[in-house]
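**Q** structure for this input, please:
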Amino acid sequence: MEKTAKTDNFLKAIYKYAEEQRNTMRTEVEQLKEEKIKEARKKGKLDSEKYIKDRLEEKRHAETGRLAKEMQEGQRSLFLERAKMTDNVFKKAEEKLIEYTKTPQYTEKLIESAKKISEFFGDNSCVVYVNEKDLGNAAEISAEFNGNAEVLADSSVKIGGLKSYCEAMSIVADETLDSKLYAQREWFIENSGLSVL
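**A** Predicted coordinates for the structure are as follows:
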């Protein structure tokens, strides 16, 4: 019996040790499981944050590109509209100037321009270029010059006025309405408030 009691005690000790080992292993497995779950959650959170950040960055990049393109197209449209408006303003101004060239005041101004240019050229001979419709005033224009002045039609003078070339001085004096109107174009663009930002 003593042997049986020893055996029973030995078996109880083995079961107790096995139970302790099993409990220790369960605790370690639970801790390991918790750590792995914690790591998985942390990694999942980081991965999802990175994914969201990447998607947001892609979306922001796409939106920035789209907005830049729309802005560029808008500026292009505004530029074309501004150019069209400017062209219309200057077309109307040209029409009014052409109407002005049919008045007696224009003829007086044409003769004044001839006088102004002749003072600049002095006694030097020159060639005076006018619109073909102004050839009827050739005698009055020529009479204003101190030197010899030949008056010729020039197709580049579309509206009116005159320009003169003095070979001895190698100078062109331009008093055409065409050049005066053209000179106003840059001023108009800068000061009209039609600028494109």
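
**Q** distance of the most centrally placed residue in the chain relative to Asp87?
**A** Geometric centre of the chain, nearest residue: Gln75, 5.7 Å, by Cα atoms, centre = their mean. To Asp87, Gln75 is 18 Å away according to Cβ to Cβ, to the nearest Å. No exception for glycine: its C-beta is placed from N, CA and C like everyone else's.

**Q** what is the helix ranked longest in the chain packed up against?
**A** Longest helix of the chain, by residue count under DSSP state H: helix 2-100. Applying 3 or more Cβ pairs under 8 Å, 6 or more residues apart in numbering; DSSP states H and E, we find helix 2-100 packed against helix 177-191.

**Q** give the buried residues for the helix it packs on.
**A** 177-178, 181 (16 or more other Cβ atoms under 10 Å).

**Q** I'd like the residues you listed laid out as JSON lines, including pLDDT.
**A** Listed next are the buried residues of helix 177-191 as JSON lines, based on pLDDT from 0 to 100:
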{"residue": "Leu177", "pLDDT": "93"}
{"residue": "Asp178", "pLDDT": "92"}
{"residue": "Leu181", "pLDDT": "90"}
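
**Q** what stretches of this protein score poorly on pLDDT?
**A** The model of the chain has pLDDT under 70 over residues 1-3, 193-197.

**Q** on the three-state scheme, Lys102 is what?
**A** coil (DSSP: H, G, I helix; E, B strand; the rest coil).

**Q** burial measure for it, as a count.
**A** 10 (other Cβ atoms under 10 Å).
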